[in-house]
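**Q** got a predicted model here, sequence first, then my questions.
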Amino acid sequence: MKLATWNVNSIRVRLPQLLDWLAAAQPDVVCLQELKTETPGFPREALEAAGYACAVNGQKTYNGVAILARTPLSDIAADIPGFADEQKRVLTATVKDMRVVCVYCPNGQAVGSDKYEYKLHWFAALKDYLAAELSRHPRLVVAGDFNVAPEDRDVHDPKAWEGQVHVSEPERGAWRALVALGLQDGFRLFEQPEKSFSWWDYRMMGFRRNAGLRIDHILLSAPLAQACTGASIDKAPRKLERPSDHAPVLAELRA
DNA sequence: ATGGCTACGATCCGTAGA
């Protein structure tokens, strides 16, 4: 069972790359972020033809998340219940015996900005939601773009980034609060190459210089972490013409 | 030098991403 998350930065632009990548990587469950299209504009037919059931929570221009699975999706729930938010950032579904939460966490723009405050409030609401989900579903995966680099080793230049948005202490505290629920960073369950990142700036030849951040994550509850046999970042799609600025992140689970 | 891309939607620039 292969799980993946990928911020595609526009599903319409990236659909050909997504279809190629699904065929090559053969993931069983995929969480997608930054669809940038309303739900009716989502290319459901093409993905169903590729063998994936789809659940979609879309929005015009910004945000938007989806879950793809090779087996049926059930108990689909959009957004964070009880958290009033126009922005489509969360989608939850059950796949077999697993509860899957797809998240596109806020960017935060700059420390101290309104968007930064929104980011911290949003993370607090997410934590409460995940605590509730976890109490009902011990086999929980939370996958997506968290917009937080948890540690300095997840940052290409920690000194330059010190205190900035994505690495600030309150944001890392919000990340640790999720981990404290009993969720584990799938990627760090295994030995990994130095300077492993999941996002690189389009500007300044960020990818060529490996000037990136590791901000896309797969969090696993204890039973799933125990079943996890590997985790990786697939840099291949980032090397293509007109790529997303994010690479897919993967975790493999024993059936 | 606080920029540099990219996508979107409304126009030929502004907003947002990270």
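**A** Good, I have the coordinates. The structure presented is a predicted model; accordingly, all values stated were derived computationally and were not measured.

**Q** could you use CA atoms for every contact and neighbour count after this?
**A** Fine.

**Q** burial of the closest residue to DNA strand B within the stretch 101-250 of chain A, as a residue count?
**A** Among all residues of the stretch 101-250 of chain A, A:R203 sits closest to DNA strand B, at 3.8 Å; criterion: CA to the nearest atom of the strand. By other CA atoms under 10 Å, 8 other residues sit near A:R203.

**Q** with A:P158 instead?
**A** As a measure of burial, A:P158 has 15 neighbours, counting by other CA under 10 Å.

**Q** just give the nearest non-adjacent residue to it, would you?
**A** A:D152 (5.6 Å; CA to CA, 6 or more residues apart in numbering).

**Q** what is the burial count for the one you found?
**A** 15.

**Q** so it sits against A:A160, correct?
**A** No - under the criterion of CA atoms under 8 Å, A:D152 is not in contact with A:A160, lying 10.9 Å apart.

**Q** which parts of chain A are strands?
**A** A:2-7, A:29-33, A:53-57, A:65-69, A:73-78, A:90-95, A:98-104, A:140-145, A:183-185, A:199-200, A:212-213, A:216-221, A:228-233, A:249-253 (DSSP state E).

**Q** got a markdown table for the ones you listed, with mean pLDDT and distance to A:G112 too?
**A** Below are the strands of chain A laid out as a markdown table (pLDDT from 0 to 100; distance: least, CA to CA, whole Å):
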| stretch | mean pLDDT | distance to A:G112 |
| --- | --- | --- |
| strand A:2-7 | 98 | 25 |
| strand A:29-33 | 98 | 25 |
| strand A:53-57 | 98 | 29 |
| strand A:65-69 | 98 | 27 |
| strand A:73-78 | 98 | 29 |
| strand A:90-95 | 98 | 24 |
| strand A:98-104 | 98 | 20 |
| strand A:140-145 | 98 | 21 |
| strand A:183-185 | 98 | 27 |
| strand A:199-200 | 98 | 23 |
| strand A:212-213 | 98 | 21 |
| strand A:216-221 | 98 | 23 |
| strand A:228-233 | 98 | 31 |
| strand A:249-253 | 98 | 30 |
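
**Q** can you redo the ones you listed as JSON lines with distance to A:A177?
**A** Converted to JSON lines, these look like this (distance: least, CA to CA, whole Å):
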{"stretch": "strand A:2-7", "distance to A:A177": "21"}
{"stretch": "strand A:29-33", "distance to A:A177": "22"}
{"stretch": "strand A:53-57", "distance to A:A177": "25"}
{"stretch": "strand A:65-69", "distance to A:A177": "23"}
{"stretch": "strand A:73-78", "distance to A:A177": "22"}
{"stretch": "strand A:90-95", "distance to A:A177": "18"}
{"stretch": "strand A:98-104", "distance to A:A177": "16"}
{"stretch": "strand A:140-145", "distance to A:A177": "14"}
{"stretch": "strand A:183-185", "distance to A:A177": "9"}
{"stretch": "strand A:199-200", "distance to A:A177": "23"}
{"stretch": "strand A:212-213", "distance to A:A177": "20"}
{"stretch": "strand A:216-221", "distance to A:A177": "12"}
{"stretch": "strand A:228-233", "distance to A:A177": "22"}
{"stretch": "strand A:249-253", "distance to A:A177": "22"}
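
**Q** stretch A:117-131: which residues count as buried?
**A** A:K119, A:L120, A:W122, A:F123, A:A125, A:L126, A:K127, A:Y129, A:L130, A:A131 (16 or more other CA atoms under 10 Å).

**Q** let me have those residues in JSON lines, extended by pLDDT and distance to A:M1.
**A** Formatted as JSON lines, the buried residues of stretch A:117-131 follow (pLDDT from 0 to 100; distance: CA to CA, whole Å):
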{"residue": "A:K119", "pLDDT": "98", "distance to A:M1": "32"}
{"residue": "A:L120", "pLDDT": "98", "distance to A:M1": "33"}
{"residue": "A:W122", "pLDDT": "98", "distance to A:M1": "30"}
{"residue": "A:F123", "pLDDT": "98", "distance to A:M1": "28"}
{"residue": "A:A125", "pLDDT": "98", "distance to A:M1": "29"}
{"residue": "A:L126", "pLDDT": "98", "distance to A:M1": "26"}
{"residue": "A:K127", "pLDDT": "98", "distance to A:M1": "26"}
{"residue": "A:Y129", "pLDDT": "98", "distance to A:M1": "25"}
{"residue": "A:L130", "pLDDT": "98", "distance to A:M1": "22"}
{"residue": "A:A131", "pLDDT": "98", "distance to A:M1": "24"}
